[in-house]
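Asker: Build me a model from this:
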Amino acid sequence: MGMETNEKPEKTVSRDVLSKVDSILKIAGLELSALRFKEAEELCDQALALYPESDDAWMRKGFAICQGSLLSEARPEENVDCWIKAYTYATNKALVEPLQKDILHVFTKFSKFQIGKCLMAFTQDPSQENAEALVHLMRRILFSAARYKEALSTECLDEDEFLSACAAGIRVAVTREYGQEEET
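Answerer: Numbers count the residues shown, from 1 in each chain. The predicted model follows:
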């Protein structure tokens, strides 16, 4: 009679699959460097189809989505999902921990940009629809940031700092639109 355990058997991945994933991710890295974010994201998806637990693929996909949002619609929920999975699947958490501040810095930077973009649309056309789009985007960003903080139990995210950064993005957009910043 064998001894029963509650441990899950470790999933093994062949060297061939890992080699293919590594090759795909190298190309994805080149695409990211060349600012071809959609292509990089697609390559990460190919790598994830082969090995869904690749922390590197999830991390790169998160950055591709985030940086790609400069040219298209913001996708903060997907950014955060990718980065949470990257952390979850990381075999060496000590290597991933220092990246948390970098991730939040990038997320904040691109969130400010998206808010500024949305605000510019509102200043050009102050319609109810554009106002609602701005508020909706800010809610999505704040919800995503809170999910990241909760999932990783990190104290890297300071809500006041994040809100200040978002306000700075709005200030920059208003300054560009109206030419000068008001004294507070």
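Asker: Quick check: which element contains the residue nearest to residue 56 when sequence neighbours are not counted?
Answerer: Counting by CB to CB, 6 or more residues apart in numbering, the nearest residue to residue 56 once its immediate chain neighbours are dropped is residue 25, at 5.6 Å. Where C-beta positions appear, they are placed from N, C-alpha and C, glycine not excepted. For residue 25, the host element (DSSP states H and E) is helix 15-33.
Asker: Tell me which helix or strand comes right after that helix.
Answerer: Scanning forward in sequence from helix 15-33, with DSSP H and E defining helices and strands, the next element found is helix 37-50.
Asker: before we move on, the earlier item: enumerate every residue touching the residue nearest to residue 56.
Answerer: With contact taken as CB atoms under 8 Å, 6 or more residues apart in numbering, residue 25 is in contact with 43, 44, 47, 54, 56, 57, 60.
Asker: and of those, the nearest to residue 12?
Answerer: The shortest approach to residue 12 among these belongs to residue 54, at 14.3 Å (CB to CB).
Asker: Can you give me the domain boundaries for the protein?
Answerer: Listed by automatic domain parsing, the domain ranges of the chain are 15-68, 76-184.
Asker: Roughly how far does the most centrally placed residue in the chain sit from residue 151?
Answerer: For the chain, the residue sitting closest to the mean C-alpha position, by CA atoms, centre = their mean, is residue 79 at 2.8 Å. Residue 79 sits 13 Å away from residue 151, taking CB to CB, to the nearest Å as the criterion.
Asker: quick one: low-confidence parts of the chain?
Answerer: Counting by pLDDT under 70, the chain contains low-confidence ranges at 1-11, 93, 95-96, 98, 153-184.
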